[in-house]
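# pasting the structure only:
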């Protein structure tokens, strides 16, 4: 049996809203029936087995990020602005990433925990005594925005506007890909004023450090970042840190509602929470797929994938591959998750992984401390419609 499918036997479309509610049955079929899948309508290939994603993501020489990591972006042919490190390959990527690594340190991330806890308390304390609230509205859309805003140095009064701009740029119409023709997703104009202001008013934040960080560029010249380069970095951090963590918080709410016994264990023993966060990230990755541009002819499952193709690595499918995890469709906070693919692999491993884990852990601790029991009003819960992220736009909890 051929490893490639034209879509006649099994069909998967990242833009099709029919797959949003529960994509996993069709992803399971892809893994078994079409481990190399071809979608003729949108002209892309996809792999779904853990081993293929694990091998492919670090192979930037074959599967390049230089044309973007979003399928629509790759197909658009838009040229990436220099310095957009998530859309670069080594060596330029390594030079630009080192700058962020130098300011996005473990020490800086760990020091954020009191503020993360404070933001959670600010969001949750006013809900004491209530019988229902929307977890996304009250916490998921609030706390990550405050944390990233504080990290960057964006004034609190302006953080919501930045978050809404980034979120809106990621949204798609039902059944439709993102529209990159306007360039809105790559725009960073909203942040320009903050950069200019910080230049004259330095502070203890990432934006100030980026403005003054010295580095050796690709040509061997020691210099600081240009204004446009700083804008690009700040845009990347602002975009990457808001929506994904909001989705993680939503999955905490919905999965623990569906598994009340495990939620009870977590409330009784918070030491279990870090591993529970890992299992949630495995079970429901906020970013279910990532795309790459194929730079050279490659053969997978005895089938040619020509240079110039788009390849989608379906992380949500790989994270539930029975070849990697026993009984992978079972949610288990005690599972030894080990290496998972939610944060990627290789050169583009998520720089914000430690921050996302910190925010997820603290959010779960603070939610369980105040609300050890809840159900979800599923009729009013609403999934976000986006081709790049999957999670809850609205998750009404009934507490008590």
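Structure received. The structure displayed is predicted, hence computed values, not measured ones.

# C-alpha from now on. contacts and neighbour counts both.
Fine.

# what's the next secondary structure element after the lowest-mean-pLDDT helix or strand in the chain?
Sorting the helices and strands of the chain by mean pLDDT, DSSP states H and E puts strand 4-5 at the bottom, at a mean of 52. Next helix or strand after strand 4-5 toward the C-terminus (DSSP states H and E): helix 24-33.

# what does that following helix contact?
3, 5, 10, 11, 12, 37, 47, 48, 49, 316, 317, 321 (Cα atoms under 8 Å, 6 or more residues apart in numbering).

# Buried members of these into ChimeraX, please.
Those of those that count as buried under 16 or more other Cα atoms under 10 Å are selected in ChimeraX with:
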select :3,5,11,12,37,47,48,49,316,317,321
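
# Would you mind listing the residues in contact with residue 45?
Going by Cα under 8 Å, 6+ apart, the list of residues near residue 45 reads 36, 37, 38, 39, 305, 309, 310, 311, 312.

# And the helices in the stretch 1-150 of the chain?
All helices of the stretch 1-150 of the chain, identified by DSSP state H, counting those that start in this stretch, fall at 24-33, 50-56, 71-76, 92-103, 106-111, 113-124, 135, 143-152.

# closest to residue 217 out of these?
Nearest to residue 217 among the helices of the stretch 1-150 of the chain is helix 92-103 (6.3 Å), distances taken as Cα to Cα.

# How far away from the center of its chain is that closest one?
19 Å (Cα atoms, centre = their mean, to the nearest Å).

# do the same with stretch 280-291
With Cα atoms, centre = their mean, you get 7 Å for stretch 280-291.

# ok so, going back, and which of the contacts of residue 45 is nearest to residue 274?
residue 312 (29.3 Å).

# Helix or strand for that closest one, just tell me which one.
strand 310-313.

# Note down every partner strand of that strand and its orientation.
strand 44-47 (parallel), strand 290-294 (antiparallel) (DSSP bridges).

# still on that earlier bit, what would the contacts of residue 45 look like in JSON lines with pLDDT?
Below are those laid out as JSON lines (pLDDT from 0 to 100):
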{"residue": "36", "pLDDT": "98"}
{"residue": "37", "pLDDT": "98"}
{"residue": "38", "pLDDT": "97"}
{"residue": "39", "pLDDT": "96"}
{"residue": "305", "pLDDT": "98"}
{"residue": "309", "pLDDT": "98"}
{"residue": "310", "pLDDT": "97"}
{"residue": "311", "pLDDT": "98"}
{"residue": "312", "pLDDT": "98"}
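
# now that we have the residues you listed, which one has the most neighbours?
Counting neighbours by other Cα atoms under 10 Å, residue 310 comes out on top of those with 28 neighbours.

# about what we covered before: so which of the strands paired with strand 310-313 is the most surrounded?
strand 290-294 (a mean of 24; mean count of other Cα atoms under 10 Å).

# Show residues contacting that one.
Contacts of strand 290-294 (Cα under 8 Å, 6+ apart): 62-71, 74, 306-315, 388.

# out of the helices of the stretch 1-150 of the chain, nearest to residue 206?
Of these, nearest to residue 206 by Cα to Cα is helix 143-152, at 4.9 Å.
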